[in-house]
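S.K.: Predicted model and sequence follow; I will ask about them next.
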Amino acid sequence: GLVAAAPLPTLQRLLGAKSGRELHEKANGVDRGRVVPDTVSRSLAAERPFERDELDADRHRRALLSATEELGSRLRAVDKVCRTLTLTVRYADRSATVRSRTLAEPTAHSAALTGAAYGMYEALGLQRARVRALVLRAEGLDPAEQASYQLTFDPVDEKVRRIEEVADRARARFGPRAVMPGTLAA
């Protein structure tokens, strides 16, 4: 309220001409940014809060698996791939640890996302940490058709990708609980 009531020349003198004008406009509810409807955001997130502060590392891993399955499904639904995965661990004392990992190649493949998430989690070396929530964020989104991939002749990899497509169709038809995370075996 004080910033909105401040005269424009005062803000410009304190912050500079451009920054002062932008702050004055934002404080007064003026935003000159373009709004593009139905666009995909620059990142997608999946949060897994726990009912109680959780000490069990296996439950942490199951929450990460669930989050990566959700992110992979959402990325594939909008034909995007991510280049970076960020893990945020929120603790009982309201502190948080954030780690990011750039993936070897852009992907929407749930198994690759799970591997990266597990790697970041293990690198934290949490022992008896009281975790309140885990958040995974897929960042650096690009259109899937523009991504480059390492060619593979591994039939298992191709099989898993086809299974993911079937699971995505089942989720779209029957809801998000139609295919439970971790039930797809390679």
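M.R.: It's in. Residues are numbered from 1 along each chain as shown.

S.K.: any idea how far residue 128 is from residue 54?
M.R.: According to CB to CB, to the nearest Å, residue 128 and residue 54 sit 11 Å apart. Bear in mind the C-beta positions are built from the backbone N, C-alpha and C, glycine included.

S.K.: who's more crowded, these two?
M.R.: residue 54 (20 against 6; other CB atoms under 10 Å).

S.K.: part of a helix, is residue 169?
M.R.: Yes. Residue 169 sits within a helix when classified using DSSP: H, G, I helix; E, B strand; the rest coil.

S.K.: pLDDT at it, what is it?
M.R.: For residue 169, the pLDDT comes out at 79.

S.K.: Can you report how many residues neighbour it?
M.R.: Neighbour count of residue 169, defined by other CB under 10 Å: 12.

S.K.: Next one: the residue nearest the centre of the chain from residue 44, what distance?
M.R.: For the chain, residue 137 is the residue whose C-alpha lies nearest the centre (CA atoms, centre = their mean; 1.7 Å). Residue 137 is 7 Å from residue 44, where distance means CB to CB.

S.K.: one step back: what separates the residue nearest to the centre of the chain from residue 161, distance-wise?
M.R.: 23 Å.

S.K.: For residue 84, give its distance to residue 28.
M.R.: On the measure of CB to CB, residue 84 and residue 28 end up 35 Å apart.
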